[in-house]
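S.K.: A structural model of the following input is requested.
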Amino acid sequence: MKVTKQKYGQFLVNSPVNFTGTYFADTVDGLEHDSVHRFLKDSRLTPASLREKVAEVIVYSPKGRILFDDSVMDKYGSQAIEGAVKQYSGNVHHPVMGIGVVTCVYYNPDNGLFYPLDFRQYDKARDGKTKLDHVMDMMKEIIRRQVPFTHFLMDSWYATTELLNQIMDWGKLFVCAIKSNRLFSPDQVNEHGKHIQKPVRELDWSGEATATGYHGRLKSLPRKRLLKLFRIVVGSDKTEYIVTNDVAIITTDDARAESAIRWKIEEFHRELKQLTGIERCQARKNRSQRNHIVLCMLGYGLGHEQNHLPSKTRSTKSLRGRAVASSGYYFFYLLMVGFAKVLFSAVWPRWILPVA
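M.R.: Predicted coordinates for the structure are as follows:
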């Protein structure tokens, strides 16, 4: 039997726990493990495959949001996998051996759904590109395709002067976090009639600034490109500083609500890892890993075609649908029946009633 993109993708989104090629071959009659190995090694899938296919199922909105972030596909204990390098993981808060993936997600606020729009594998040793280069490439592709949206949303890693300037050159809006040591100059003057420039954490955040933030200029941006700056207390030990060029965001509560949309991409990363086994591929070749990542993205993205559920319920019901529910629960039922038979065969008095 020949392996195809559709068959491999269906396997990924329907497998309950095991996502290896060996298990794929074991569960399909007439399929050899070598066929799966050759398919992953010889196919030439790229992010363009995701863009083309997912474009058919995305529900666009003129109020859409474009989210950027990166995630590490953990390959712990696998020094021989090409493309896996030591890099910091925000999930475990220390460097791990893994494959970095920079992702772009489209969020539709009208129906609450998000879709994988594009991605790039971070492999600087191979292509010489940084994560910022990958984000810039994806932004340019989005503008070229004229995807309907209003805002770019990013974390502080991507809030560089170059990216922010480019977004404003396109006439687009952004809402992104910045590091606490970024220099900001409010449009206020001191007693000497001069504008002050301080790290955002050292600005006076009492009084009116608590509710409405500051209006001014971020260092290195052109003087006429003024931004709004807000301080958002996320928890007892965490504070975020948010900048935006959206004049409609007036208060800190407005900024908090818009910035919270960024966490949709964290939901996407969690679901992608839990439901498609994107980290579980054990192939050693870089090309095999790349193809596996593309097919995981495709399997996740195309799941929206049949399962337009709110994001809060999608993690348990959407991608695998009835197939996973039925096969998973039936597998659990068989497991419990077998366990019960073993238990009762050991403790049940056979003179009362024999165990089947």
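
S.K.: For the rest of this, base every contact and every neighbour count on C-alpha atoms.
M.R.: OK.

S.K.: So Leu229: helix, strand or coil?
M.R.: On the three-state scheme (DSSP: H, G, I helix; E, B strand; the rest coil), Leu229 is labelled strand.

S.K.: contacting residues for the residue nearest in space to the middle of the chain?
M.R.: Geometric centre of the chain, nearest residue: His269, 3.8 Å, by C-alpha atoms, centre = their mean. For His269, the set of contacting residues under the criterion of C-alpha atoms under 8 Å, 6 or more residues apart in numbering consists of Ser71.

S.K.: and if you look at the one 5 residues further on?
M.R.: The neighbourhood of Gln274, defined by C-alpha under 8 Å, 6+ apart, contains no residues.

S.K.: Which pLDDT does the model give it?
M.R.: At Gln274, the predicted lDDT confidence score is 88.

S.K.: any idea whether it is helix, strand or coil?
M.R.: Judged by three-state DSSP, the three-state class of Gln274 is helix.

S.K.: rewinding a little: what's the helix or strand for the residue nearest to the centre of the chain?
M.R.: When elements are defined using DSSP states H and E, His269 is found to belong to helix 264-276.

S.K.: Name the residues of that helix that come out as buried.
M.R.: For helix 264-276, a neighbour-count test (16 or more other C-alpha atoms under 10 Å) marks 264-265, 268-269, 271-272, 274-276 as buried.

S.K.: And for stretch 283-299?
M.R.: Counting neighbours by 16+ other C-alpha under 10 Å, the buried set in stretch 283-299 is 283-284, 286-299.

S.K.: Any idea how far that stretch is from the middle of the chain?
M.R.: Here the centre of stretch 283-299 is set off from its chain's centre by 16 Å, with C-alpha atoms, centre = their mean, to the nearest Å.

S.K.: Quick one: residues in contact with stretch 203-210.
M.R.: By C-alpha under 8 Å, 6+ apart, the residues outside stretch 203-210 that reach it are 213, 230-231, 252.

S.K.: cool, stretch 134-143 as well?
M.R.: Stretch 134-143 has contacts (C-alpha under 8 Å, 6+ apart) with 68, 102, 104, 118-120, 122, 163.

S.K.: helix, strand or coil for the residue nearest to Val233 when sequence neighbours are not counted?
M.R.: The spatial neighbour of Val233 that comes closest, neighbours along the chain excluded (C-alpha to C-alpha, 6 or more residues apart in numbering), is Thr239 at 4.5 Å. Thr239 falls in the strand class when you classify it by three-state DSSP.

S.K.: Phe119 versus Thr239, what's the distance?
M.R.: 29 Å (C-alpha to C-alpha, to the nearest Å).

S.K.: neighbour count winner among the two?
M.R.: Higher neighbour count among Thr239 and Phe119: Phe119, with 26 against 13, using other C-alpha atoms under 10 Å.

S.K.: Can you tell me the SS state at Val243?
M.R.: The local conformation at Val243, judged by three-state DSSP, is strand.

S.K.: what sits opposite the nearest residue to it once chain neighbours are set aside in the beta ladder?
M.R.: Setting aside the residues directly before and after it, Val243 is nearest to Leu229 in space (C-alpha to C-alpha, 6+ apart), at 4.6 Å. Listed by DSSP bridges, the beta-bridge partners for Leu229 are Tyr214, Val243.

S.K.: that older thread, top of the contacts of stretch 203-210 by neighbour count?
M.R.: In terms of neighbour count, Phe230 stands highest of these at 29 neighbours, by other C-alpha under 10 Å.

S.K.: And the pLDDT for it?
M.R.: So Phe230 comes in at 97 (pLDDT).

S.K.: roughly how far apart are it and Arg280?
M.R.: Between Phe230 and Arg280 the distance, using C-alpha to C-alpha, works out to 40 Å.

S.K.: any weak-confidence spans in the stretch 51-200 of the chain?
M.R.: For the stretch 51-200 of the chain, applying pLDDT under 70 flags the ranges 77, 189-193.

S.K.: can you give me the strands in it?
M.R.: 65-74, 85-89, 94-108, 113-122, 151-154, 173-178, 183-186, 198-199 (DSSP state E, counting those that start in this stretch).

S.K.: what's the last one in contact with?
M.R.: Right, strand 198-199. Outside of strand 198-199, the residues that reach it under the criterion C-alpha under 8 Å, 6+ apart are 180-185.
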